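Peer 1: Let me see the structure of the following:
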Amino acid sequence: MKRNLIALLSCALALVISCKGEDTPASTPTEPIVDPSEDFSVTAPSDLILSQTSSYEVALSWSDNSKNETGFIVYHSEDGVSYARIDSVGMNCKSSTYTSSTKLVTGSTHYFGVRAVSDETTSDMVTSSIVISPILKIEEYYATDCSFAIRYSVDNQYKTGMSFGLCWSADGDDPTVESSKQAAPSQKYTLGTTILQVIPNSALEYGKEYKIRAYAQLNPKAYYSETITLKLKDARKAITLDWTKKSVDGLPSSIELYETTSKLNGDAFHAWYAIADLSKGDIELRVRYPSALSTIDDQAAEDSDCILLTNAGYFYQQDVAGSCVIDGTAKGWGIVTWTPGTSTSDPDYNIGYYITRGMFGVDENGTPNAYWAATINSVPFYYTNPMTSVRNEARYTSPSSLMPEGNIAWSPKYAISAGPMLVYEGKIPFNFDTKASDGLLLNNFEMQASDIFGPSSTTADRTAVGYTEDGKIILFICDGRISESQGCSVLEEAQILKGLGCVKAVNLDGGGSTGMWVLGDHINYHSDENRKVHTCIGFYKK
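Peer 2: Numbering: from 1, shown residues only. Okay, the predicted model is just below:
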């Protein structure tokens, strides 16, 4: 009874109060009870990290520093000033992905921001930016005995001024563009498709393990693929034969002549080589370039100073199919482009490949050397590495003072081009066995025609020139396609020259052009000894 009475009095009192005063509203909204110690602000996220995951996407991640957020809002900007909302994620979420409708432009900068939000407020925005890089991915790689072959892709929207290539190092660190590097083949390719690039053994060392990366450079920034590791396969071994020194009346002591009938890989073989020491001062090496085709014997007879002469460079009709240097002046077609396709069924039948070719010569002092050569605006350029084009796969544009590398300041007095380079710094720098994944020859850098190395040429006559570590010059020939001598392949020829101690050597024209004349005697047995040739190389009295 007492409780009910108190409740009744309370209600009456409330009624009196509520009715007091004519201006008092009939009802007043109820305000929430607020704890003055409670904090309704939301703490901003931090450590916003951006990473490019594809040519279309950027991934975002951040640290959540708030305990009362209801979610996060993600923003994007292309100028770092005006931000547009692109995503919202729930509470405790720490990541988001930005997806572009088109491929991101390499070198462009994208800005991102993230805020934490609650029912009452939003936090400050944490921001970060990312420069878009090309997506470089190595798809395939392998080593041969004379090269590395790497296939890689570049996937991004191309930006003018960007260059691509491979860089490598053997010092254990990841390579950069400051390390050894080589530009990519410059034929037009579609970004997103693969690029095949070959590094020749002339730029490498046997026995070393190399780290290699693809790079894209947009100065001053460089971008890289993952790192791979490769090591050259074992070098092709030298072939040593039993050679007999021949006695030739009137031959100066600075020239020695040798002959062999040793079997070559089980086949009959007949070869000769002359080795000359020009440092004695009584002889010199010359290249002959007559105005019309004539036989080796006739060219030798035209100069009473001639001691020993062989055929030299390739020729077509009335001119040198390449380059020669006579008394310091370059002559011939020049080394510019070559169309290796020989049949209309070849996919590159009408495609001209810029090439470098092996070239041997001596300077004013008689010092021998050999480089890969090209002709640019009628001027010969010389390189320590070849252009590594691969038919139908990787085509370089014109050689230059920087392509395939800086040219060598070489001024030969006499020189002749042909190819391929048989030996370079003791290495055999070609391979006519290894093929790319599409079946095309991988290491025919000089774009030699198949009649130089194909199945029909494995028993060919050969001519070559080279020099030993102590500077002595070797002229080599062998007979072929006759019962007394089955000839040799280009690879066997290189192995023989290596066995003779050559540090550099170049293949010259062979087949029916092969011949050696010594003091009036045409010493090899080839039935076509009267073949007219355009250039010859040999030793002369000073």
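Peer 1: Mind listing what's buried along stretch 79-95?
Peer 2: 83, 86, 87 (16 or more other CB atoms under 10 Å). (C-beta placed from N, C-alpha, C; glycine too.)
Peer 1: And for that stretch, what's in contact with it?
Peer 2: With CB atoms under 8 Å, 6 or more residues apart in numbering as the test, stretch 79-95 has contacts from 45, 59-64, 69-77, 96-98, 109, 111, 113, 125, 127, 129.
Peer 1: Which of these fall in strands?
Peer 2: 59-63, 71-77, 96-98, 109, 111, 113, 127, 129 (DSSP state E).
Peer 1: quick revisit: just the closest of the buried residues of stretch 79-95 to residue 445, please.
Peer 2: residue 86 (50.1 Å; CB to CB).
Peer 1: neighbouring strands for the host helix or strand of that closest one, and are they parallel or not?
Peer 2: Under the criterion of DSSP states H and E, residue 86 resides in strand 84-90. Take DSSP bridges as the rule and strand 84-90 pairs in its sheet with strand 71-77 (antiparallel).
Peer 1: what about the partner strand, distance to the chain center?
Peer 2: 43 Å (CA atoms, centre = their mean, to the nearest Å).
Peer 1: Identify the residues contacting the nearest residue to residue 242 once chain neighbours are set aside.
Peer 2: The shortest distance from residue 242 to any residue other than its chain neighbours is 4.7 Å, reached at residue 262 (CB to CB, 6 or more residues apart in numbering). Neighbour list for residue 262: 241, 242, 269 [criterion: CB under 8 Å, 6+ apart].
Peer 1: my guess is the first one meets residue 261, correct?
Peer 2: So that's residue 241. No. Counting by CB atoms under 8 Å, residue 241 stays clear of residue 261, with 9.1 Å between them.
Peer 1: what residues do those two have in common as contacts?
Peer 2: With CB under 8 Å, 6+ apart as the test, residue 241 and residue 261 both reach residue 269.
Peer 1: Can you show me the strands along the stretch 351-500 of the chain?
Peer 2: With DSSP state E, counting those that start in this stretch, the ranges of strands along the stretch 351-500 of the chain come out as 353-354, 357-362, 368-376, 379-383, 414-417, 421-424, 431-435, 441-443, 462-468, 473-478.
Peer 1: Name every strand pairing with the first one and say which way it goes.
Peer 2: Pointing back at strand 353-354 there. strand 337-338 (antiparallel).
Peer 1: Please enumerate residues in contact with the strand it pairs with?
Peer 2: 352, 353, 354, 355, 447.
Peer 1: number of nearby residues for the fourth one?
Peer 2: By that I understand residue 355. Residue 355 has 24 neighbouring residues, counting by other CB atoms under 10 Å.
Peer 1: Out of the strands of the stretch 351-500 of the chain, which is closest to residue 330?
Peer 2: Using CB to CB, those put strand 379-383 closest to residue 330, at 5.0 Å.
Peer 1: What sits closest to residue 78 if chain neighbours are left out?
Peer 2: Setting aside the residues directly before and after it, residue 78 is nearest to residue 110 in space (CB to CB, 6+ apart), at 6.5 Å.
Peer 1: OK, contacts around that neighbour?
Peer 2: For residue 110, the contact set (CB under 8 Å, 6+ apart) comprises 50, 58, 76, 77, 78, 98, 104, 129, 130, 132.
Peer 1: one more time with 7 Å
Peer 2: Residues in contact with residue 110 (CB atoms under 7 Å, 6 or more residues apart in numbering) are 58, 76, 78, 129, 130, 132.
Peer 1: Columns pLDDT, distance to residue 497 and neighbour count on top of those residues, output as CSV?
Peer 2: CSV is the format used below for the contacts of residue 110 (pLDDT from 0 to 100; distance: CB to CB, whole Å; neighbours: other CB atoms under 10 Å):
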residue, pLDDT, distance to residue 497, neighbour count
58, 98, 57, 20
76, 98, 64, 18
78, 96, 62, 12
129, 98, 59, 13
130, 97, 55, 19
132, 90, 51, 21
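Peer 1: that older thread, is the residue nearest to residue 242 part of a helix or strand, or is it coil?
Peer 2: Three-state call for residue 262 (DSSP: H, G, I helix; E, B strand; the rest coil): coil.
Peer 1: Isn't residue 166 up against residue 199?
Peer 2: Yes. Here residue 166 reaches residue 199: they are 6.3 Å apart, a contact under CB atoms under 7 Å.
Peer 1: what's the overlap in contacts for these two?
Peer 2: residue 182.
Peer 1: picking up where we left off before, average pLDDT for the strand holding residue 86?
Peer 2: Average pLDDT, strand 84-90: 97.
Peer 1: Please work out the angle formed by the directions of that strand and strand 95-99.
Peer 2: 140 degrees (axes from the mean of the first three to the mean of the last three CA atoms, to 10 degrees).
Peer 1: so how far is strand 84-90 off the chain centroid?
Peer 2: 45 Å.
Peer 1: Please apply the same query to stretch 202-212.
Peer 2: That offset, for stretch 202-212, works out to 13 Å (CA atoms, centre = their mean).
Peer 1: How far does it stretch from one end to the other?
Peer 2: 16 Å (CA to CA, to the nearest Å).
Peer 1: Stretch 263-282 - what's its average pLDDT?
Peer 2: Averaged over stretch 263-282, pLDDT sits at 97.
Peer 1: Which positions in that stretch come out as buried?
Peer 2: 264, 269, 270, 271, 272, 273, 274, 275, 276, 277, 278.
Peer 1: so how far does it reach from one end to the other?
Peer 2: 35 Å.
Peer 1: outside of it, which residues touch it?
Peer 2: By CB under 7 Å, 6+ apart, stretch 263-282 touches 252, 254-262, 283-285, 308, 366, 471-479, 483-486, 488, 492, 500, 516, 523-525, 539, 541-542.
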